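>>> got a predicted model here, sequence first, then my questions.
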Amino acid sequence: RIQMNYKIAVIPGDGIGPDIIKEAQRVLEKIGEVYGHTFEYSELLAGGAALDAEGIPLPQKTIDECKNSDSVLLGAVGGPKWDHLDGKMRPEQALLGLRSGLGLFANLRPAVLFNELKAACPLKDEIIGDDGLDIMCVRELTGGIYFGKRGTDGSKAFDTLEYSEEEVKRIAKQAFEIAMKRDKKVTSVDKANILDTSRLWRKVVEEVAKDYPEVTYEHMYVDNAAMQLVRYPKQFDVILTGNMFGDILSDEASMITGSIGMLPSASLGEGKVGMYEPIHGSAPDIAGQNIANPIATILSTAMMLRYSFSLEKEADAIENAVKSVLAKGYRTKDIVGTGEQSVGTNEMGDLIVQE
Ligand code: NAI
Ligand code: MG
């Protein structure tokens with residue numbers, strides 16, 4: 001039976017967070033109306049907003065409510081007002097706390113270049129062709145060198161890279177599951193010519209791949225992958241990789257699409273709760289001015305519908321609405337061409353809702 005009522009924890013956060021979250025919620029409301037779902041929101045504090053109201057970046061109530069929801073929609077946190085704070089009091093602690101609190105080990109970052117925005121792509125036209133670009137980076141988020149043993153004695157320092165079979169297995173499964181919903185190709189990126197963790201990684205990926213005979217997969221060294229991303233990005237569908245390689249490659253892949261205001265993300269775990277947010281920050285320079293691009297956040301809601309709720313049609317509807325609004329020539333300030341008219345945050349939200 002298909003669930004019709006979804007409980008969403010909404011964290012607008014700081015800067016443009018509230019502006020873009022508002023538009024994303026309007027799009028969700030429209031989806032509910034058209035497809036007969038109800039979305040129930042609980043609005044929560046995190047980041048600077050939580051520091052101002054309660055003196056800590058991530059109140060317990062926020063974590064508890066998120067755990068009790070079907071998914072989390074987040075704007076962005078941070079800004080100059082809180083830059084003097086350090087360590088555990090920084091607004092970004094809210095993100096780390098939510099990721100670990102919800103056990104979100106898989107970070108999904110699609111790099112999608114809509115054909116309508118080809119001008120924003122720094123690569124040559126002949127590399128991209130006429131049908132844009134659509135790559136999904138699946139990055140392991142809670143293991144690897146960022147979480148290994150570390151130390152320093154002043155003149156020497158070390159960070160260790162460790163992965164267990166179990167950690168590799170769950171992220172690999174995630175990548176193959178996602179590939180099944182896409183073009184059914186996984187490129188697993190590692191450095192197996194040098195690293196023991198990468199050889200373990202390959203072994204586990206091969207095991208997992210046996211359960212997905214429809215998916216073709218390949219292994220690629222990370223240095224080659226960095227090169228292939230700019231040489232011929234169309235060869236990629238799903239890129240599966242560890243924490244640090246994924247950090248670097250997903251930034252590289254997203255810049256191929258040229259526009260930070262367009263790109264969504266999802267963080268998933270073993271549990272039912274996923275967290276969805278734009279990849280950009282709180283953009284304090286443009287907060288409250290009705291010029292921020294809400295599309296990254298709106299596309300994050302599409303990911304929520306697809307990956308947390310399995311509402312495939314509804315997710316497609318949002319993505320198609322974004323595409324048609326762009327095809328009709330509407331642009332927010334960050335993606336407008338020189339001499340062209342731009343629309344504001346609210347207008348862009350309106351247009352997508354109508355579409
Ligand atoms: P940023 O992504 O907020 O902004 C970079 C540039 O892109 C700015 O010029 C901004 O105006 C523009 N921009 C970003 N999103 C946009 C949108 N939707 N529409 C139009 N233009 C957009 O990164 P920045 O400036 O490095 O960081 C600002 C604050 O955000 C900092 O406090 C930082 O710590 C925080 N941050 C939070 C993140 C999160 O909550 N996940 C991620 C990255 C940064
Ligand atoms: Mg990064």
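Structure's in. What do you need? Owing to the predicted nature of the structure, the values given are computational and were not obtained by experimental measurement. Ligands and ions are numbered 1, 2, ... in the order given.
>>> now stretch 129-148: buried residues?
Under the neighbour-count criterion of 16 or more other Cβ atoms under 10 Å, stretch 129-148 has 132-145, 147 buried. Placement of C-beta: from N, CA and C, glycine included.
>>> so does that stretch get close to ligand 1?
No: shown here: stretch 129-148 not in contact with ligand 1 (Cβ under 6 Å from any ligand atom), separated by at least 12.9 Å.
>>> how far off centre is that stretch?
Remark: stretch 129-148 is offset 9 Å from the chain centroid, using Cα atoms, centre = their mean, to the nearest Å.
>>> and the strands in the stretch 251-355 of the chain, which stretches?
264-268, 274-278 (DSSP state E, counting those that start in this stretch).
>>> residue 39 is nearest to which of the ones you listed?
Between residue 39 and the strands of the stretch 251-355 of the chain, the tightest spacing by Cβ to Cβ is seen for strand 274-278, at 12.8 Å.
>>> neighbouring strands for that closest one, and are they parallel or not?
Partners of strand 274-278 in the sheet, by DSSP bridges, are strand 71-76 (parallel), strand 264-268 (antiparallel).
>>> columns distance to residue 333 and mean pLDDT on top of those strands, output as CSV?
Listed next are those as CSV, based on distance: least, Cβ to Cβ, whole Å; pLDDT from 0 to 100:
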stretch, distance to residue 333, mean pLDDT
strand 71-76, 18, 98
strand 264-268, 19, 96
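>>> list the contacts of residue 140.
With contact taken as Cβ atoms under 8 Å, 6 or more residues apart in numbering, residue 140 is in contact with 105-107, 163, 167-168, 171, 241-243, 246.
>>> can you lay out those as TSV showing secondary structure and pLDDT?
Shown next, in TSV, are the contacts of residue 140 (DSSP: H, G, I helix; E, B strand; the rest coil; pLDDT from 0 to 100):
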residue	secondary structure	pLDDT
105	coil	96
106	strand	96
107	strand	96
163	coil	98
167	helix	97
168	helix	98
171	helix	98
241	strand	98
242	coil	98
243	helix	95
246	helix	95
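>>> near ligand 1 too, which of those?
Residues of the contacts of residue 140 in contact with ligand 1 (Cβ under 6 Å from any ligand atom): none.
>>> quick one: the residue of the chain most remote from its centre and residue 185, what's the gap?
If you look at how far each residue of the chain sits from its centre, by Cα atoms, centre = their mean, the farthest one is residue 155, at 37.6 Å. To residue 185, residue 155 is 46 Å away according to Cβ to Cβ, to the nearest Å.
>>> now do residue 139
Shown here: residue 139 relative to residue 185, a distance of 17 Å by Cβ to Cβ.
>>> with residue 283 instead?
When distances are taken as Cβ to Cβ, residue 283 and residue 185 turn out to be 34 Å apart.
>>> which bits of the stretch 51-200 of the chain sit near ligand 1?
For the stretch 51-200 of the chain, the contact set with ligand 1 under Cβ under 6 Å from any ligand atom comprises 76-79, 92, 95.
>>> can you map out the helices along the stretch 1-150 of the chain?
With helices called from DSSP state H, counting those that start in this stretch, the stretch 1-150 of the chain shows them at 17-35, 48-54, 60-67, 93-101, 125-128.
>>> mind putting those in JSON lines, mean neighbour count and mean pLDDT included?
Converted to JSON lines, the helices of the stretch 1-150 of the chain look like this (neighbours: other Cβ atoms under 10 Å; pLDDT from 0 to 100):
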{"stretch": "helix 17-35", "mean neighbour count": "21", "mean pLDDT": "98"}
{"stretch": "helix 48-54", "mean neighbour count": "19", "mean pLDDT": "98"}
{"stretch": "helix 60-67", "mean neighbour count": "17", "mean pLDDT": "97"}
{"stretch": "helix 93-101", "mean neighbour count": "19", "mean pLDDT": "90"}
{"stretch": "helix 125-128", "mean neighbour count": "12", "mean pLDDT": "89"}
